[in-house]
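J.: fold the stuff below for me.
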Amino acid sequence: MTVIGKAIPRVESKDKVTGVARYTNDTQSPGQLHGWLVTSPHAHARIQYIDYSAALQITGVHAVVTGADHSVLVGSVLADRPPLAKGKVRY
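T.: Next up is the predicted model:
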């Protein structure tokens, strides 16, 4: 059996192009919370203060998480980058 140079149809192709395929993001669980990422308009900047008091006043907002809330570092080779900017934006 040789397949080199021949188109092999994928099993899930029809579901994907017709919009029938279901993805993890298509499901919801009771009480599920959603997150929203707010990014800096600056590629490299020092974070002086993040005022999120207005966000906490919005109906439905349960919490605001910033880089100052976590000290975990990540990275594929060296664990040297915070997942959320902390002290300085470098993205």
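
J.: quick check: residue 62 touching residue 31?
T.: No - contact between residue 62 and residue 31 fails when scored by C-beta atoms under 8 Å: they sit 10.6 Å apart. To be clear about C-beta, it is placed using only N, CA and C from the backbone, and glycine gets the same treatment.

J.: mind pulling up the pLDDT for residue 82?
T.: Per-residue confidence (pLDDT) for residue 82: 85.

J.: can you tell me, leaving aside adjacent residues, what's nearest to it?
T.: Distances taken as C-beta to C-beta, 6 or more residues apart in numbering place residue 67 nearest to residue 82, at 5.3 Å, with adjacent residues excluded.

J.: what lies in contact with stretch 72-83?
T.: 67, 70, 71 (C-beta atoms under 8 Å, 6 or more residues apart in numbering).

J.: out of the residues you listed, the closest to residue 84 would be?
T.: Relative to residue 84, the closest of the contacts of stretch 72-83 is residue 67; by C-beta to C-beta it sits at 3.7 Å.

J.: from residue 80, how far out is the closest one?
T.: 14 Å (C-beta to C-beta, to the nearest Å).

J.: the two: who's more crowded?
T.: Using other C-beta atoms under 10 Å as the criterion, residue 67 and residue 80 rank with residue 67 on top: 17 against 8.

J.: OK, contacts around the more buried one?
T.: Residues in contact with residue 67 (C-beta under 8 Å, 6+ apart) are 47, 82, 83, 84, 85, 86, 87.

J.: ok, now with 6 Å
T.: When contacts are counted by C-beta atoms under 6 Å, 6 or more residues apart in numbering, residue 67 touches 82, 84, 85, 86.

J.: which of those are buried, as a ChimeraX select command?
T.: A single ChimeraX command suffices to select whichever of the contacts of residue 67 are buried according to 16 or more other C-beta atoms under 10 Å:
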select :82,85,86
